[in-house]
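Novice: no sequence for this one, just the structure:
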């Protein structure tokens, strides 16, 4: 899941929220983001990958619009 999340974030124009990242990962994997059950399951995996990457210092989170947490790759 980590490579998929990094691919989405590296192609993004700016920071993305968890639902946005999850939808893009699902689309890249040929899954239907409208499937609520699959979206929730994939969202949990994406969130875990993001926390892991934040712990490593690869990504960071910040407050975005509407008090929603957004994620971006840390520039080195």
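Specialist: Here it is on my side, so go on. Values in this document were obtained by computation on a predicted structure and should not be read as measured data. Numbers count the residues shown, from 1 in each chain.
Novice: CA atoms for contacts and neighbours, from now on please.
Specialist: Fine.
Novice: What ranges does this structure have for its strands?
Specialist: 16-17, 59-63, 69-73 (DSSP state E).
Novice: Quickly run through the sheet partners of the last one, with directions.
Specialist: If I follow you right, that is strand 69-73. strand 16-17 (antiparallel), strand 59-63 (antiparallel) (DSSP bridges).
Novice: Local confidence estimate at the most centrally placed residue in the chain?
Specialist: With distances taken as Cα atoms, centre = their mean, the chain has residue 21 as the residue nearest its mean C-alpha position (3.4 Å). Per-residue pLDDT puts residue 21 at 98.
Novice: Also the one 5 residues further on?
Specialist: What the model reports for residue 26 is a pLDDT of 97.
Novice: doesn't residue 32 make contact with it?
Specialist: Yes: Residue 26 lies in contact with residue 32 (Cα atoms under 8 Å); the separation is 6.6 Å.
Novice: Just want to know which of these two has more residues nearby.
Specialist: Applying other Cα atoms under 10 Å to residue 26 and residue 32 shows that residue 26 carries more neighbours, namely 19 against 13.
Novice: Please, where are all the helices along this protein?
Specialist: Under the criterion DSSP state H, the chain contains helices at 2-11, 18-28, 36-56.
Novice: Would you mind giving these as a markdown table with distance to residue 76 added?
Specialist: Shown next, in a markdown table, are the helices of the chain (distance: least, Cα to Cα, whole Å):
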| stretch | distance to residue 76 |
| --- | --- |
| helix 2-11 | 13 |
| helix 18-28 | 22 |
| helix 36-56 | 13 |
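Novice: Among those, pick out the one with the most neighbours on average.
Specialist: Across the helices of the chain, averaging neighbours per residue (mean count of other Cα atoms under 10 Å) puts helix 18-28 on top, at a mean of 19.
Novice: quick one, that one and helix 2-11 angle?
Specialist: Between the axes of helix 18-28 and helix 2-11, defined by axes from the mean of the first three to the mean of the last three Cα atoms, to 10 degrees, the angle is 110 degrees.
Novice: And the contacts of helix 18-28?
Specialist: Defining contact as Cα atoms under 8 Å, 6 or more residues apart in numbering, one finds that helix 18-28 is touched by 4-5, 8-9, 32-33, 39, 42-43, 46-47, 69-71.
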